[in-house]
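Asker: Here is a sequence together with a model predicted from it:
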Amino acid sequence: MARFRLTVPLRAAPFTEFAGLSALLHDVAEHTRVGDDRRLVAEDGRTVPDLELDAGDHLRPGARYLAPDPATGEDADFTVRAWERHRQTAIDFTVGEFTGEFRLTAADDPQLLTVDGAVPPPEAGRFRRLRTLTASLRLDLDAWFRADVTTGATARLDHPLARAAVEFAPDIPGGRGEESWQTRVTVTVGGRGVLRPFLAVPLLVLRPLLRPHVDRAVRQAAEEWNSHYQPWLLLPEARQRQEILDELCAIPDDPEHTTSPGADPGGDGPGAYARDT
């Protein structure tokens, strides 16, 4: 097993901004309606392309939506399991071979966000168990802003023969008048099952070579947050709403829409980052 630890500064954003964005996303969704062709229509009258209600009542438990992918010919599908802003939002999804679930408690006062999913093994074939993969993301906003626990956010990727995990923890109370969070990041990579003893020595030997790559990736991610996503969180709600609507109603492969929300020459939002990639 190889473990890498480093500390990076992240520009702070108050909890109210996270709560406001969560509520805004739910509000935008709740102001959509189902058109005659079963496709969704946004509050400003624009059609949401490639997203249609397949079964159930809009935003009610059991509502199922299809999002065709012209590139693969397959449909991604999303099924609402719960939509209660004061308690829980729960959505199951399938994208290609990946099946998972999204859970948020709760939209108006977000405390815990989890995403869990897996690529299940095929029904038959040799080494079928080795063709499975599980992934999870956990963001405990309550713990993050208390800063009194070891981990505020965790991402994991598990294969029967290997495992990788990234953990984030603030060293100071986030959003309590501080300009930045000194965030401890721990990256762990290791073998599992029969490969565990065989990977132990190579990982130990390669650790010094891997360290610069891990450091670079973590610091680049921190810079993306500091330069684009944190400033976007602080934008006025009206501008955030308009940019979310523009992104939601963007026509795929439209040359006039090649960036995400906020993509103006002086923008600070996610679109500014998308423009640079």
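Answerer: Perfect, thanks for sending it.
Asker: helix/strand/coil for the nearest residue to Val115 once chain neighbours are set aside?
Answerer: Spatial nearest neighbour of Val115, excluding adjacent residues (Cβ to Cβ, 6 or more residues apart in numbering): Leu137 at 4.4 Å. From N, CA and C alone the C-beta is placed, and that goes for glycine too. Look at Leu137: counting by DSSP: H, G, I helix; E, B strand; the rest coil, its state is strand.
Asker: Any idea what Leu137 is bridged to?
Answerer: On the basis of DSSP bridges, Leu137 is bridged to Val115, Ala155.
Asker: which residues sit in contact with it?
Answerer: By Cβ atoms under 8 Å, 6 or more residues apart in numbering, the contact set of Leu137 is 113-116, 153-156.
Asker: Quick check: the gap between it and Leu210.
Answerer: Going from Leu137 to Leu210 by Cβ to Cβ, to the nearest Å gives 23 Å.
Asker: same deal with Leu133?
Answerer: Distance, Leu133 to Leu210, using Cβ to Cβ: 21 Å.
Asker: more crowded one of the two?
Answerer: Neighbour totals were compared for Leu133 and Leu210, and Leu133 leads with 17 against 14 (other Cβ atoms under 10 Å).
Asker: So what pairs up with the more buried one in the strands?
Answerer: On the basis of DSSP bridges, Leu133 is bridged to Val119.
Asker: Show the contacting residues for it.
Answerer: Contact analysis of Leu133 by Cβ under 8 Å, 6+ apart lists 118-119, 157-159.
Asker: what's the distance between it and Glu167?
Answerer: Going from Leu133 to Glu167 by Cβ to Cβ gives 20 Å.
Asker: in the chain, which segments are predicted with low confidence?
Answerer: Within the chain, the ranges that satisfy pLDDT under 70 run 70-71, 123-128, 147-149, 172-178, 193-199, 201, 252-277.
Asker: Strands of that one, residue ranges please.
Answerer: Using DSSP state E, the strands found in the chain span residues 2-11, 33-34, 39-41, 47-55, 64-69, 74-84, 88-95, 98-105, 112-119, 133-140, 153-159, 162-170, 180-191.
Asker: would a markdown table of these with distance to Glu223 be doable?
Answerer: Shown next, in a markdown table, are the strands of the chain (distance: least, Cβ to Cβ, whole Å):
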| stretch | distance to Glu223 |
| --- | --- |
| strand 2-11 | 9 |
| strand 33-34 | 40 |
| strand 39-41 | 35 |
| strand 47-55 | 32 |
| strand 64-69 | 31 |
| strand 74-84 | 31 |
| strand 88-95 | 28 |
| strand 98-105 | 27 |
| strand 112-119 | 23 |
| strand 133-140 | 20 |
| strand 153-159 | 18 |
| strand 162-170 | 15 |
| strand 180-191 | 13 |
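Asker: Which of those strands sits closest to Cys249?
Answerer: Cys249 lies closest, by Cβ to Cβ, to one member of the strands of the chain: strand 47-55, at 5.8 Å.
Asker: Which residues belonging to that closest one are considered buried?
Answerer: Neighbour counts over strand 47-55 (16 or more other Cβ atoms under 10 Å) mark 48-53 as buried.
Asker: Direction included, what does it pair up with?
Answerer: strand 39-41 (antiparallel), strand 64-69 (antiparallel).
Asker: Turn those strands into JSON lines, including mean neighbour count and distance to Pro9.
Answerer: As requested, those are exported to JSON lines (neighbours: other Cβ atoms under 10 Å; distance: least, Cβ to Cβ, whole Å):
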{"stretch": "strand 39-41", "mean neighbour count": "18", "distance to Pro9": "40"}
{"stretch": "strand 64-69", "mean neighbour count": "16", "distance to Pro9": "37"}
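Asker: and of those strands, who's closest to Leu6?
Answerer: Relative to Leu6, the nearest member of those by Cβ to Cβ is strand 64-69, separated by 37.2 Å.
Asker: and the closest one, how far from the chain's centre?
Answerer: Distance, stretch centre to chain centre, for strand 64-69: 19 Å (Cα atoms, centre = their mean, to the nearest Å).
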